[in-house]
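K.L.:
Give the three-dimensional model of this entry:
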Amino acid sequence: MTTHHAVEGLASNPAAPVGVLLRLLALDDRWITQRISWREKLPDEVAEAMLTHPDRRVRRTIAESWTVDPELRARLLDGPASDALAVACGPMPYRIAVPPLLDRAGVPG
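P.N.:
Here you go, the predicted structure:
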């Protein structure tokens, strides 16, 4: 097993603390970022860090994640156009139902 495999496992580990996940995001590794976004429960601090990350590729992983809450994905609609496009494409997992965005997503309040 390589170090990279161990880090992938840590990113997927439901017991990994928030601080560890935030440090993994800082590694600037797309595969690790995807593994974090696929977690069944994304901690609020980690989700916020991903939603406001300066790299659009990190934000796009939220839009493409089938496990992330639809309200979280909808928050990307308020950002740059590239984020809205990623939300429009949405997650496309194989044979997994993804909850749709709410009807009010993207509608100015």
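K.L.:
Run through the helices of the chain in chain order.
P.N.:
With helices called from DSSP state H, the chain shows them at 3-12, 18-25, 30-37, 44-51, 56-64, 70-74, 81-89.
K.L.:
which helices and strands sit right next to the third one?
P.N.:
Spelled out, it's helix 30-37. helix 3-12, helix 18-25, helix 44-51, helix 56-64 (3 or more C-beta pairs under 8 Å, 6 or more residues apart in numbering; DSSP states H and E). All C-beta atoms are positioned from the backbone trio N, CA, C, and that covers glycine.
K.L.:
Extract the C-alpha set from the third one and format it as PDB.
P.N.:
Output of helix 44-51 as PDB, limited to C-alpha atoms (Å, rounded to 0.1, in the frame of the first residue of the first chain):
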ATOM      1  CA  ASP A  44     -20.500  21.500   7.700                       C
ATOM      2  CA  GLU A  45     -17.000  23.100   8.000                       C
ATOM      3  CA  VAL A  46     -15.600  20.900   5.200                       C
ATOM      4  CA  ALA A  47     -18.600  21.600   3.000                       C
ATOM      5  CA  GLU A  48     -18.300  25.300   3.600                       C
ATOM      6  CA  ALA A  49     -14.500  25.200   2.800                       C
ATOM      7  CA  MET A  50     -15.300  23.300  -0.400                       C
ATOM      8  CA  LEU A  51     -18.100  25.700  -1.400                       C
END
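K.L.:
Switch the helices of the chain over to TSV; also include mean neighbour count and mean pLDDT.
P.N.:
What follows is the helices of the chain, written out as TSV (neighbours: other C-beta atoms under 10 Å; pLDDT from 0 to 100):
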stretch	mean neighbour count	mean pLDDT
helix 3-12	14	84
helix 18-25	15	95
helix 30-37	20	92
helix 44-51	17	94
helix 56-64	21	93
helix 70-74	17	90
helix 81-89	15	89
